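> got a structure for you, letters missing:
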């Protein structure tokens with residue numbers, strides 16, 4: 001299908017996929033397989049049930065679920081009736097869930113009953129003062145004033161299955177689908193920085209689908225492909241780049257919620273993905289599994305999960321492959337390159353160029369002049385695939401008058417139009433009058449140790465700030481560099497003032513993270529003794 005014929009709403013897109021590839025798997029998640037026909041049937045049933053309960057166009061439907069068929073069905077059901085999906089992270093605490101239910105005006109919540117040892121029925125009772133799970137619905141709870149419907153997957157009553165309505169007027173769903181337009185809101189995805197409150201980012205059907213189509217063309221993601229992704233669907237990378245991108249391509253998406261490395265490898269080996277995408281750090285333990293050496297992963301031909309790429313396609317150094325910049329506000333990836341080969345040394349750390357439909361410029365954050373090639377400034381973006389805005393905020397609070405969005409990211413651009421990330425505005429460390437980029441120090445630690453690090457500035461009476469590094473301990477518990485040796489190695493790569501004065505070695509589970517998946521910089525600084 002050519003881009004000009006691409007359906008620009010989810011219900012229209014799903015209908016085309018069912019017509020052309022009904023029995024092709026849309027999703028394989030561990031032992032679950034959801035074909036396009038299954039997705040159509042199950043989401044239609046749930047959509048009718050939502051309509052029967054007064055949930056229709058423009059309503060906000062929360063999904064508190066991990067990756068899997070239930071999430072996909074819930075999203076499709078909401079999109080088919082013109083409702084707006086609001087994914088909620090399964091990492092969220094009870095107070096965070098309460099805040100999101102209220103700030104996003106969620107009217108219907110479809111939730112997993114339990115996941116990885118957490119009883120979400122109990123979590124929701126804790127989150128919503130006055131909620132009784134056996135209360136008749138529609139709900140009327142002052143602590144979550146918009147919430148009218150709550151349903152769980154699994155055994156906790158009332159169940160999502162009970163929402164499915166048989167006997168509903170068969171023409172009602174068709175009429176609802178026909179009323180969905182490309183300019184309608186599809187999803188509100190929440191994002192937050194290391195210190196800011198969550199912001200609900202709004203994306204519409206047409207722009208987000210068109211953006212995924214453009215990205216699919218760049219990464220050659222077609223109906224014949226199988227993609228393994230470890231990105232959670234409740235964040236923009238998993239929702240748009242993986243899930244929606246797969247629907248746009250008519251391809252198959254593979255994921256796993258397994259905790260054991262061998263079980264994840266079983267899924268990958270069985271489904272034979274052709275490309276992989278997500279967070280390399282979260283598959284770094286897979287090669288440590290005793291069975292890894294005999295696993296057949298040769299079907300994987302490209303992607304950014306470096307630890308599991310076959311030797312003939314793996315980079316000699318990940319920093320010599322183009323990175324991708326993704327933001328919730330840009331509907332996932334906004335800087336990338338179609339060239340997936342190793343780059344020359346002078347392009348180390350490149351993030352490629354703006355995706356189709358995006359304008360970019362580097363702006364001095366103080367006097368707002370447009371930076372020349374090589375100058376560091378703030379990345380500004382503009383274009384039709386940017387978010388509609390933040391839920392509950394006026395457009396004037398979010399965009400410049402001429403439509404530019406200020407990302408808060410510090411970049412430079414070279415003469416070839418390739419972009420290089422330097423850090424975040426406000427994240428630069430000021431030590432003895434000199435500026436230090438955390439990313440530069442993190443890259444140096446990776447180069448000399450092969451280990452991931454998080455670098456922050458901590459207050460110091462004499463110097464203003466000290467450079468501090470939290471180095472992530474290898475999964476296999478291998479040898480760690482001595483702190484003095486690490487500093488000596490870094491001095492050969494960095495100016496003396498950039499070398500960390502304080503170093504912590506932390507296991508993955510000791511690194512403080514927000515429910516948004518980002519580093520909790522405030523908590524990390526506290527681990528170094530900073531207030």
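It's in. None of these values were measured; they are calculated from a predicted model. Numbering: from 1, shown residues only.
> quick one, helices of this structure?
Counting by DSSP state H, the chain has helices at residues 10-21, 36-52, 69-80, 94-103, 120-127, 160-163, 170-178, 205-218, 236, 245-249, 261-271, 438-449, 483-491, 521-527.
> just those helices: most buried one?
Of the helices of the chain, the one with the most neighbours on average (mean count of other Cβ atoms under 10 Å) is helix 236, at a mean of 29. Where you see a C-beta, it was placed from the backbone N, CA and C, and this is true even at glycine.
> rewinding a little: to residue 402, which of the helices of the chain lies closest?
helix 205-218 (18.6 Å; Cβ to Cβ).
> tell me which residues touch residue 72, please.
26, 27, 34, 39, 43, 233, 243 (Cβ atoms under 8 Å, 6 or more residues apart in numbering).
> again with residue 14
Shown here is residue 14, whose contacts under the criterion Cβ under 8 Å, 6+ apart are 36, 39, 40, 43, 76, 80, 247.
> list the contacts for the nearest residue to residue 10 once chain neighbours are set aside?
Counting by Cβ to Cβ, 6 or more residues apart in numbering, residue 79 is the residue found nearest to residue 10 once chain neighbours are left out, at 3.7 Å. Listed by Cβ under 8 Å, 6+ apart, the contact partners of residue 79 are 9, 10, 11, 85, 180, 186, 205.
> out of the contacts of residue 14, what pair is the most spread apart?
Within the contacts of residue 14, 36 and 80 form the most distant pair, 13.8 Å apart (Cβ to Cβ).
> what segments of the stretch 101-250 of the chain are strands?
All strands of the stretch 101-250 of the chain, identified by DSSP state E, counting those that start in this stretch, fall at 108-112, 114-115, 118-119, 149-153, 185-191, 199-204, 226-229.
> out of these, nearest to residue 442?
Closest approach to residue 442 among the strands of the stretch 101-250 of the chain (Cβ to Cβ): strand 185-191, 21.3 Å.
> quick revisit: by mean pLDDT, show me the worst of the helices of the chain.
Here the lowest mean pLDDT among the helices of the chain goes to helix 160-163, at a mean of 79.
> if we can go back for a sec, which of the contacts of residue 72 ranks first by neighbour count?
residue 233 (28 neighbours; other Cβ atoms under 10 Å).
> residue 10 contacts residue 247, correct?
Yes: between residue 10 and residue 247 there is a contact under Cβ atoms under 8 Å: 7.5 Å.
> remind me which residues of the stretch 51-200 of the chain are low pLDDT?
Confidence mapping of the stretch 51-200 of the chain against pLDDT under 70 gives the ranges 156, 164-167, 192-197.
> go again with 90.
Scanning the stretch 51-200 of the chain for pLDDT under 90 picks out the ranges 91-93, 95-96, 134-135, 154-171, 191-198.
> how much space between the residue nearest to residue 10 and residue 28?
According to Cβ to Cβ, to the nearest Å, residue 79 stands 21 Å off from residue 28.
> which residues does the nearest residue in space to residue 67 that is not next to it in sequence bridge with?
Spatially, and ignoring its direct neighbours in sequence, residue 67 is nearest to residue 255 (4.6 Å; Cβ to Cβ, 6+ apart). Counting by DSSP bridges, residue 255 is bridged to residue 29.
> okay if I get the helices of the chain as JSON lines plus distance to residue 328?
Shown next, in JSON lines, are these (distance: least, Cβ to Cβ, whole Å):
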{"stretch": "helix 10-21", "distance to residue 328": "19"}
{"stretch": "helix 36-52", "distance to residue 328": "24"}
{"stretch": "helix 69-80", "distance to residue 328": "16"}
{"stretch": "helix 94-103", "distance to residue 328": "14"}
{"stretch": "helix 120-127", "distance to residue 328": "23"}
{"stretch": "helix 160-163", "distance to residue 328": "26"}
{"stretch": "helix 170-178", "distance to residue 328": "27"}
{"stretch": "helix 205-218", "distance to residue 328": "12"}
{"stretch": "helix 236", "distance to residue 328": "4"}
{"stretch": "helix 245-249", "distance to residue 328": "15"}
{"stretch": "helix 261-271", "distance to residue 328": "26"}
{"stretch": "helix 438-449", "distance to residue 328": "20"}
{"stretch": "helix 483-491", "distance to residue 328": "33"}
{"stretch": "helix 521-527", "distance to residue 328": "18"}
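> which of the ones you listed sits closest to residue 199?
Nearest to residue 199 among these is helix 94-103; the distance by Cβ to Cβ comes to 9.2 Å.
> give me the contact list for the closest one.
Helix 94-103 is contacted by residues 62, 64, 86, 88-89, 92, 106, 109, 123-124, 126-128, 143-147, 190, 197-198, 200, 391-392, 515 when judged by Cβ under 8 Å, 6+ apart.
> buried subset of those?
Buried members of these, scored by 16 or more other Cβ atoms under 10 Å, are 62, 64, 86, 88-89, 92, 106, 109, 123-124, 127-128, 144, 147, 190, 198, 200, 391, 515.
> can you count the residues close to residue 204?
Residue 204 has 23 neighbours, counted by other Cβ under 10 Å.
> contacting residues for it?
Residue 204 touches 182, 183, 184, 185, 186, 388, counting by Cβ under 8 Å, 6+ apart.
> try it again with 10 Å
8-9, 84, 181-187, 210, 331, 384-385, 387-388 (Cβ atoms under 10 Å, 6 or more residues apart in numbering).
> so it bridges to which residues?
Beta-bridge pairing for residue 204 (DSSP bridges): residue 185.
> list the contacts for the closest residue to residue 227 other than its chain neighbours?
Nearest residue to residue 227 in three dimensions, chain neighbours excluded: residue 275, at 5.1 Å (Cβ to Cβ, 6+ apart). Counting by Cβ under 10 Å, 6+ apart, residue 275 touches 219-221, 225-229, 251, 299-305, 309, 340.
> try 6 Å this time
Counting by Cβ atoms under 6 Å, 6 or more residues apart in numbering, residue 275 touches 227, 302, 303.
> how far away is the first one from residue 463?
As for residue 227, its distance to residue 463 is 47 Å (criterion: Cβ to Cβ).
> those two - which one has more neighbours?
It is residue 227, of residue 227 and residue 463, that has more neighbours when counted by other Cβ under 10 Å, with 25 against 17.
> make sure residue 404 is actually in contact with residue 379.
No: contact criterion Cβ atoms under 6 Å: residue 404 and residue 379 do not qualify, at 10.2 Å.
> which residues of the stretch 301-450 of the chain fall in strands?
With strands called from DSSP E, counting those that start in this stretch, the stretch 301-450 of the chain shows them at 302-303, 325-327, 332-336, 353-354, 359-363, 377-382, 389-390, 405-413, 419-424, 429-431, 434-436.
> of these, which stretch is the most buried?
Of the strands of the stretch 301-450 of the chain, the one with the most neighbours on average (mean count of other Cβ under 10 Å) is strand 332-336, at a mean of 26.
> elements contacting that one?
Applying 3 or more Cβ pairs under 6 Å, 6 or more residues apart in numbering; DSSP states H and E, one finds that strand 332-336 makes contact with strand 325-327.
> list the helices and strands the strand it packs on packs on?
Packed against strand 325-327 by the contact rule (3+ Cβ pairs under 6 Å, 6+ apart) you find strand 332-336.
> identify all contacting residues around the strand it packs on.
Outside strand 332-336, the residues within contact range by Cβ under 6 Å, 6+ apart are 215, 236-237, 240-241, 324-326, 351-352, 355, 358, 419.
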